[in-house]
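> Provide a 3D model corresponding to the input given below.
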Amino acid sequence: MSTSLRHRLRGPAVACLAASCALLLAACGSEQKETTTTSARIAPAQTEGTAYPSGSPSASPSGSASPRLTDDQAERQRLVPATKVTWDKATEAAVAAVPQGKLVETELTWAPPNATASGSATASASASPSVSADASAGASPSAGTGERTPAWHTSVATADGTLHDVWVDGVSGKVISDKPDADQDAEDKQELADRLKRATVTPEQAVQTATQDNKGTVTAVELDDDAWSVDVVDTGNWDKTTYEVSTTERRVLRQEVDRD
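Got it, this is the predicted structure:
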């Protein structure tokens, strides 16, 4: 074959080979681009999935939450149901422990730490209402050395105004302790005796007046200068309402609701 003929045949073959290589390179580039685009589309989904390692995010609680009780309301919720002896039964026991005694004040609280529900232990003479109440405030009934006992801390006065500090067990109704008030002087006794004489409305009548429209639980009764102060707890919401009832007529002078 002549040289000129070989040159003419080689030219088209080289052109064909070059065209084939170009097509092959174009196809590879297109496949790589598609793979990259697919990976880009998948990547955000994978990133989004890793935002919640434990699965899908938890939904917010449905429904309205029940109202949270204050510390005082929570304390009433523990104390009132634990008490089996009503204020009048506790007062009856306290007054019976003091000859010719009359009620001056009674308040539901927790018994002193060294008192027992059976009444076998005697409350410390140095224990005051504020000390015993503060010591037990905020603790659960099972806190400390054992379960706490509700008690009625009662003040009873004799005809001459001598004041006795009496604790009555709120479960058994027994008198835990009876101690004369050592801090009274002659003037204090006379003032108290006069106040008792002026009070023509009895504590029982004052409570009846206070609870005629509010059928809650009585947790305190106290003789002030011109009124009986009566605390009534609503066991539906654990609010406390204080009524001041005149000591000379069965009439509510004022009232205040404690929602704390």
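> quick one: residue 156 and residue 98 touch, right?
Yes - the pair residue 156 and residue 98 qualifies as a contact (CB atoms under 8 Å) at a distance of 4.4 Å. The C-beta positions use only the backbone N, C-alpha and C, and glycine is treated the same way.
> okay, and the common contacts of these two?
164, 166 (CB atoms under 8 Å, 6 or more residues apart in numbering).
> in terms of neighbours, single out the busier of the two.
Set side by side, residue 156 and residue 98 show more neighbours around residue 156, with 24 against 21, by other CB atoms under 10 Å.
> what about the more buried one, which SS state?
Look at residue 156: counting by DSSP: H, G, I helix; E, B strand; the rest coil, its state is strand.
> just the helices in this protein please.
3-49, 71-82, 87-96, 129-136, 186-198, 203-210 (DSSP state H).
> mean confidence score for the last one?
Yep, that's helix 203-210 we're talking about. Taken as a whole, helix 203-210 has a mean pLDDT of 98.
> likewise the longest one?
When pLDDT is averaged along helix 3-49, the result is 44.
> got it, and the second one?
Taken as a whole, helix 71-82 has a mean pLDDT of 97.
> now the fourth one
When pLDDT is averaged along helix 129-136, the result is 37.
> list the buried residues of stretch 179-193.
179, 189, 192, 193 (16 or more other CB atoms under 10 Å).
> between those residues, which sits nearest residue 243?
Comparing the buried residues of stretch 179-193 against residue 243 with CB to CB places residue 192 closest, at 22.1 Å.
> and for the nearest residue to that closest one once chain neighbours are set aside, the neighbour number?
With sequence-adjacent residues excluded and distances taken as CB to CB, 6 or more residues apart in numbering, residue 192 is closest to residue 161, at 4.0 Å. A count of nearby residues for residue 161, using other CB under 10 Å, gives 21.
> same question for the one 3 residues further on.
For residue 164, the count of nearby residues is 21 (other CB under 10 Å).
> repeat for the one 10 residues further on
The number of residues packed near residue 174 is 15, by other CB under 10 Å.
> quick one, phi psi at it?
phi -90, psi 150 (degrees, to the nearest 10).
> my guess is it contacts residue 166. True?
No - when contacts are counted by CB under 8 Å, residue 174 is not listed as touching residue 166 (11.2 Å).
> Throw the buried residues of stretch 179-193 into JSON lines and include distance to residue 151 and pLDDT, thanks.
JSON lines is the format used below for these (distance: CB to CB, whole Å; pLDDT from 0 to 100):
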{"residue": "179", "distance to residue 151": "14", "pLDDT": "95"}
{"residue": "189", "distance to residue 151": "26", "pLDDT": "96"}
{"residue": "192", "distance to residue 151": "23", "pLDDT": "97"}
{"residue": "193", "distance to residue 151": "27", "pLDDT": "96"}
